[in-house]
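Trainee: Need a 3D model of the sequence below.
(chains A and B)
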Amino acid sequence: MAIELQQVSYSYADRSLWKLTALRDINLSVPTGSMVGIAGATGSGKSTLLQLFNGILKPTEGTVKVLDVTIQAGEKSPKLMPLRRRVGLVFQFPEQQMFEDTVEKDLIFGPLNFGMSLEEAKARARQAMLDMGLDLALLERNPFKLSGGQMRKAAIASVLAMDPEVIVLDEPTATLDPISRAELIHLLERLCREQGRTIIVVTHRMDELLPYADNWLVLKEGSTAFQGSVKALADDPSILEQCGLTVPQSLRYWRAVADRFGLTDEAPRLTAESLAELIASLPSGSGNSSEQHEGKRDGHE
Amino acid sequence: MNESYEGQGLEGEGQAIISLDGVSFGYDPEHPILQNITLSISQGQWVSLVGPNGCGKSTLVKLLNALLPKSAGEIVVSGMQLSEETIGSIRQCIGMVFQNPDNQFIGATVEEDILFGLEGLCLSYAEMAERLQAYTTRLGINHLLSKHPGELSGGQKQRVAIASILAMEPGIVIFDEASSMLDEGSRNDLLGILQDMRAEGKYTILMITHDADEILASDRVLALHGGGLAADVTPAELFRDEELLQKCHLCEPYPWRLTRELQNQGIHVDVPASEKELIDTLWP
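Mentor: All right, here's what the predicted structure looks like:
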């Protein structure tokens, strides 16, 4: 497990009159190398949860295990510096965390800080740029003269340059245009599948992450409302509505087709392309020119 | 759906409330950001302004009320030619709602924030109280009047921003990516507010957006690309044109994408309004 939370609660201003409990009794397991989506309405505790993942916040109750480090409520925490290199946090507006006058300086700042040599840091910076699909020529540019999409990718590259094993992103696609959003999600998927990094994404646009995430965590008022595979979520999306979220259209259309044909064991088809393929393989009703019936005539009326 | 709109002049039947003739803008004359834009928008229309990041959408709307000075061409708003004498009157006709409501909060409470704009219009106290009541009720925020902006959610803040703009009763309301920071529920709320505004007929809405649902709800799409107007089409025409979508960095709504993918599989259906409609069409 890359991350394991056991009965974790977190309260702001714990021993005061203004105590505010943001998370209640959270149990969470994130397998190494998996991609996890976290959803929940505004104020459900998503951002608080993220800050537990590299020790910015310490649990007020329970145990947080991240990689080989254990942080326990009420106990003095171990050295967190190495953990912070291994768990990269990308906040909601990552471009706001850029500050140097060239992209390269921004990218090597973190690695140098964590003790890498200049050579090593520069090599990491170049690799991070390539991983994010950015042109190396941009290294010499002023980060504030990049386009919005490039700036965001460069900011993520600056976290990637530290070679983290776990990358946690808070709404990475907000304010990007739809094409740049799809590109970014695709890049994150590659970091996960090809390089084995653990990717955790907080998002209020579930639809764009649905086809790629292995597991989902849905929070409601600081508690876990759902935790499980995308299949389990697709089997009963009504839980999302109970949490004040809208069921994404891709999920609604999948549900409608699956219900019509009683497809209970099928992996959910959450892209338009895969759903269209499935529909083409199902027996047609009337007038459709679908020739690819695959004999799925049993199991439904 | 705007099928009936097709083939008609997209300028609409109403009187032109905004018209641009040969308008250009650039910080550097060698590299103009907008070049020779000519277009006309009629009263009551809801227009989506689309295009990739950095193509000049925000620049274009800022030229309308001279937040930026045009470098060439003529702009006429509500029958007034834009010039130094008319800037003040034109600005009263145009309300703007931005991406981040935090940037336009001025008052210490919701009430103060909304009254600030009204004070600027030199209205009587009675009139101010009446409008405050009317617009906060309409946007469902009258229970928030004494709240500090810090106590509000993103969606609530955006409602306050909209109420404070509408209370000034501008004929033209410009939304600059007003929903991009909102969660889905708040985005749907905003869409409802816009639909009500259109139904009322007294607002002309100009909306910079990447959101497929917002574009679909509007009457007309103006696409900017490379400093010029690349297309002037209905939302349906935009979503059927894969090349144009790519050029504008947009994606079509899910049912449209599914319809296209079905077509690739040799299954021809109309774009369904809901998943139920699709099922009923495919398997009656």
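
Trainee: ok, and what's touching stretch A:188-203?
Mentor: Stretch A:188-203 is contacted from outside by A:2-3, A:30-39, A:46-47, A:50, A:53, A:131, A:160, A:164-173, A:209, A:212-213, using CB atoms under 8 Å, 6 or more residues apart in numbering or on different chains. For glycine as for every other residue, the C-beta is placed from the backbone atoms N, C-alpha and C.

Trainee: what distance separates it from the centre of its chain?
Mentor: Relative to the mean C-alpha coordinate of its chain, stretch A:188-203 is positioned 7 Å out (CA atoms, centre = their mean, to the nearest Å).

Trainee: Poorly predicted segments of the chain, please.
Mentor: In the absence of a named chain, this looks at chain A. A:285-301 (pLDDT under 70).

Trainee: Wait, chain B was what I had in mind.
Mentor: Looking at chain B by pLDDT under 70, you get B:1-13.

Trainee: and chain B, which of its residues are near chain A?
Mentor: Applying CB under 8 Å from any CB of the partner chain, one finds that chain B approaches chain A through B:52-54, B:99, B:153-155, B:177, B:180-181, B:183-185, B:188, B:210, B:212, B:246, B:249-251, B:253-255, B:257-258, B:260-262, B:264-268, B:275-276, B:278-279, B:282-284.

Trainee: and A:V166, what does it touch?
Mentor: Residues near A:V166 by CB under 8 Å, 6+ apart: A:2-3, A:30, A:53, A:66-67, A:86-88, A:197-200.

Trainee: Now do the strands in the chain.
Mentor: By default, I'm working from chain A. A:3-12, A:20-30, A:35-40, A:61-66, A:69-72, A:87-90, A:166-170, A:198-202, A:215-220, A:223-229 (DSSP state E).

Trainee: Sorry, I should have been clearer: chain B.
Mentor: Assigned strands in chain B, in chain order: B:16-25, B:34-42, B:46-50, B:72-77, B:80-81, B:94-97, B:172-176, B:204-208, B:220-225, B:228-233 (criterion: DSSP E).

Trainee: who does the fourth one touch, helix- and strand-wise?
Mentor: Packed against strand B:72-77 by the contact rule (3 or more CB pairs under 8 Å, 6 or more residues apart in numbering or on different chains; DSSP states H and E) you find strand B:16-25, strand B:34-42, helix B:57-64.

Trainee: What lies in contact with stretch B:25-37?
Mentor: With contact meaning CB under 8 Å, 6+ apart, stretch B:25-37 is reached by B:20, B:22-24, B:56, B:59-60, B:63, B:68-73, B:224, B:227-229.

Trainee: I figured A:L278 hits A:R260, correct?
Mentor: No. The pair A:L278 and A:R260 fails to qualify as a contact (CB atoms under 8 Å) at a distance of 11.3 Å.

Trainee: and the gap between the residue nearest to A:R205 when sequence neighbours are not counted and chain B?
Mentor: The shortest distance from A:R205 to any non-neighbouring residue, by CB to CB, 6 or more residues apart in numbering or on different chains, is to A:T173 (6.4 Å). From A:T173 over to chain B the distance is 10 Å, taken as CB to the nearest CB, to the nearest Å.

Trainee: that older thread, can you say which of the helices and strands packed on strand B:72-77 is packed in most?
Mentor: helix B:57-64 (a mean of 22; mean count of other CB atoms under 10 Å in any protein chain shown).

Trainee: which residues touch it?
Mentor: B:18, B:20, B:23, B:25, B:33-34, B:37, B:49-51, B:68-70, B:75, B:77, B:82, B:90, B:94, B:96, B:172, B:174, B:176, B:206, B:208, B:224.

Trainee: May I have it exported as PDB, CA atoms only?
Mentor: What follows is helix B:57-64, C-alpha atoms only, in PDB (Å, rounded to 0.1, in the frame of the first residue of the first chain):
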ATOM      1  CA  LYS B  57     -11.800  36.500 -26.100                       C
ATOM      2  CA  SER B  58     -11.300  38.500 -22.900                       C
ATOM      3  CA  THR B  59      -9.600  41.300 -24.900                       C
ATOM      4  CA  LEU B  60     -12.600  41.500 -27.200                       C
ATOM      5  CA  VAL B  61     -15.100  42.000 -24.400                       C
ATOM      6  CA  LYS B  62     -12.900  44.500 -22.700                       C
ATOM      7  CA  LEU B  63     -12.900  46.600 -25.800                       C
ATOM      8  CA  LEU B  64     -16.600  47.000 -25.600                       C
END
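
Trainee: between that helix and strand B:72-77, how many degrees?
Mentor: Between helix B:57-64 and strand B:72-77, the angle comes out at 70 degrees (axes from the mean of the first three to the mean of the last three CA atoms, to 10 degrees).

Trainee: hang on, the earlier thing: just so I know, which of the strands of chain A lies nearest B:A163?
Mentor: Proximity to B:A163 (CB to CB) singles out strand A:35-40 among those, at 27.2 Å.

Trainee: Adjacent strands (with direction) for the closest one?
Mentor: With DSSP bridges as the test, strand A:35-40 is paired with strand A:198-202 (parallel), strand A:215-220 (parallel).

Trainee: count of neighbours near B:C93?
Mentor: Using other CB atoms under 10 Å in any protein chain shown, the number of residues around B:C93 comes to 21.

Trainee: Quick check: it vs B:G171, distance?
Mentor: To B:G171, B:C93 is 5 Å away according to CB to CB, to the nearest Å.

Trainee: got it, and A:G55?
Mentor: 54 Å.

Trainee: Just give the closest residue to B:A161, not the sequence neighbours.
Mentor: B:P101 (4.3 Å).

Trainee: Cool, thanks, signing off.
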